[in-house]
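**Student:** quick one, structure for this:
(one chain, ligands or ions: 1)
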Amino acid sequence: MQILLAHGPNLNLLGERRPEVYGTTTLLEIEAEVAAVANARGAAVICFQTNHEGALIDALHQYRRVVDGVVLNAGAWTHTSVALRDAIEAVQLPVVEVHLSNTHQREDFRHRSLIAGVCIGQVTGLGRDGYGVATALLLDHLETRG
Ligand code: CA2
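**Tutor:** Residues are numbered from 1 along each chain as shown. Coordinates of the predicted model:
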């Protein structure tokens, strides 16, 4: 079993600014944590981050036959990108949407996720712990799907 952990724009800066919203954990630490959760269940993790929307879509296309599912924090593209929604639908991989902050407690424009309808679930507002939850949910889904 192999999963993709994918991050969208600005998330490479985690831990550097806005700790009151996003915590103090770095992206590298999140990636290590997801790998630990997945490895303990016999799954491998490929990590990817980009600040370019097309590059995220390309990655989903390229990994569609390589991985079994995706944990995705699409950052701001969550709220704006029909192209990302279409890509998730097109690759036919199970995707769990994750957000560090509780997007529903923030500005109105963050309340709507364009990708939620094509993801198997959404974990929002649990900070770094949300990634462990999202990874476990994805692996549970993949294991029960057979
Ligand atoms: O809460 C989340 O995980 C978000 O996906 C983070 C996105 C935001 O646009 C979404 O609405 C919710 C923003 C990530 C920005 O990352 C930063 C990292 C360091 C300093 C400032 C921003």
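**Student:** relative to Asn10, how far out is Lys145?
**Tutor:** Let me fix one detail, which is that residue 145 is Arg and not Lys. 33 Å (Cβ to Cβ, to the nearest Å). C-beta: built from backbone N, CA, C; applies to glycine.
**Student:** what's the answer for Asp58, then?
**Tutor:** 19 Å.
**Student:** would you say Glu97 is within a strand?
**Tutor:** Yes: under DSSP: H, G, I helix; E, B strand; the rest coil, Glu97 falls within a strand.
**Student:** can you tell me how far it sits from Glu16?
**Tutor:** Distance, Glu97 to Glu16, using Cβ to Cβ: 23 Å.
**Student:** Asp68 too?
**Tutor:** Distance, Asp68 to Glu16, by Cβ to Cβ: 32 Å.
**Student:** Val67 belongs to a strand?
**Tutor:** No: applying three-state DSSP, one finds Val67 to be coil, outside a strand.
**Student:** got any ranges where the protein has weak pLDDT?
**Tutor:** 146 (pLDDT under 70).
**Student:** for the residue minimising distance to the centre of it, give me its contacts.
**Tutor:** The centre of the chain sits closest to Leu72, judged by Cα atoms, centre = their mean, with a distance of 1.4 Å. Residues counted as contacts of Leu72 (Cβ atoms under 8 Å, 6 or more residues apart in numbering) are Ala6, His7, Gly8, Ile88, Val95, Val96, Glu97, Val98, Ile115, Cys119.
**Student:** about what we covered before: higher neighbour count, Arg145 and Asn10?
**Tutor:** Neighbours were counted for Arg145 and for Asn10 using other Cβ atoms under 10 Å; Asn10 has more, 15 against 10.
**Student:** gap between Glu20 and the ligand?
**Tutor:** 11 Å (Cβ to the nearest ligand atom, to the nearest Å).
**Student:** what do you get for Glu29?
**Tutor:** For Glu29, the distance to the ligand - Cβ to the nearest ligand atom - is 13 Å.
**Student:** anything in the top helix by length along the chain near the ligand?
**Tutor:** The residue-count maximum for a helix in the chain (DSSP state H) belongs to helix 129-145. No: using Cβ under 6 Å from any ligand atom, helix 129-145 stays clear of the ligand, with a minimum separation of 8.2 Å.
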